[in-house]
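In: what's the 3D shape of this:
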Amino acid sequence: MLERESDLLNGLKNDDENTFKIIFKRYYSRLYYFIFEFIPYDDLVENVIQDTFLTLWNKRYDLDDDTNFSAYLFTVARNNCLYRLRSEKYRKKLFVEGSADSMELELNASILSTVDTSVYAFREIERIIEETLDQLPAQCKNVFLLRINAKKNKEIADELNISVKVVEKHVTKGLKVFRKALKDYLPLIGYLFTL
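Out: Residues are numbered from 1 along each chain as shown. Now for the predicted structure:
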């Protein structure tokens, strides 16, 4: 696993660009899939991600010592998404008012405004993940832990001395179990499982 959040926070506050790169690498895909659920346009997703990380860098000295990066980054991303979804400038740029796409974006803004990105939500998700991992069969758990840590199927197969097909089977099984366990947190599922 990568560095602890407290180490990353200290590095960030000390202007360590390498720490910023680690945070970016850790959260980029998760943020991408989260944002894309509500704004399905690659260029706008990239803009939201850029603004989110720019906010993190600009406010790094203001972060509390117990800052949870997941909660912080997803809250900033959610707020950036809401700004774009509600901004007349962006809506005019994308769609004719009253079009199906425009109405879908309005619905997305409504849904997004109810998504809980608080520290408490992420702690609850972490608790559910730990409990769910413990319920998986040993082999499935090992495969899933390696996938969560960004290993590719081939790497997992080689490391565990199993076939890629068996890895795929375990990932599929694990995802089903996790989706059921995390049904109340569906908008954040993309954040968790960027597999």
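
In: Would you map out the domains in this protein?
Out: Using automatic domain parsing, the domain parsing of the chain gives 5-112, 119-192.

In: Dump those domains to a markdown table, plus mean neighbour count and mean pLDDT.
Out: The C-beta positions use only the backbone N, C-alpha and C, and glycine is treated the same way. Conversion of those to a markdown table gives the following (neighbours: other Cβ atoms under 10 Å; pLDDT from 0 to 100):
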| stretch | mean neighbour count | mean pLDDT |
| --- | --- | --- |
| domain 5-112 | 16 | 81 |
| domain 119-192 | 16 | 82 |
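
In: For R127, give its distance to A77.
Out: Counting by Cβ to Cβ, to the nearest Å, the separation of R127 from A77 is 22 Å.

In: oh, I was asking about P40
Out: For P40 relative to A77 (Cβ to Cβ), the value is 15 Å.

In: neighbouring contacts of stretch 128-146?
Out: Under the criterion Cβ atoms under 8 Å, 6 or more residues apart in numbering, residues 155-156, 159-160, 162, 167, 170-171, 173-174, 177-178, 181-182, 185, 192 lie in contact with stretch 128-146.

In: end to end, how far does that stretch reach?
Out: Length of stretch 128-146, first residue to last, Cα to Cα, to the nearest Å: 18 Å.

In: Please report phi then psi for the closest residue to D42 other than its chain neighbours.
Out: Closest residue to D42 apart from its sequence neighbours, by Cβ to Cβ, 6 or more residues apart in numbering: F36 at 7.9 Å. Dihedral angles of F36 (phi, psi; degrees, to the nearest 10) stand at phi -60, psi -30.

In: F36 contacts L44, doesn't it?
Out: No - the pair F36 / L44 is not scored as a contact, 9.3 Å apart, by Cβ atoms under 8 Å.

In: for the host helix or strand of K173, packing partners?
Out: Here K173 is covered by helix 164-181, with elements defined by DSSP states H and E. Applying 3 or more Cβ pairs under 8 Å, 6 or more residues apart in numbering; DSSP states H and E, we find helix 164-181 packed against helix 119-135, helix 138-148, helix 153-160, helix 189-192.

In: L73 is nearest to which of the ones you listed?
Out: Proximity to L73 (Cβ to Cβ) singles out helix 189-192 among the helices and strands packed on helix 164-181, at 9.3 Å.

In: any idea which helix or strand carries T75?
Out: According to DSSP H and E, T75 maps onto helix 69-86.

In: from the chain's centre, how far out does the helix holding K173 sit?
Out: Relative to its chain's centre, helix 164-181 lies at 19 Å (Cα atoms, centre = their mean, to the nearest Å).

In: could you check the angle helix 119-135 makes with that helix?
Out: For helix 164-181 against helix 119-135, the angle between stretch directions is 130 degrees (axes from the mean of the first three to the mean of the last three Cα atoms, to 10 degrees).
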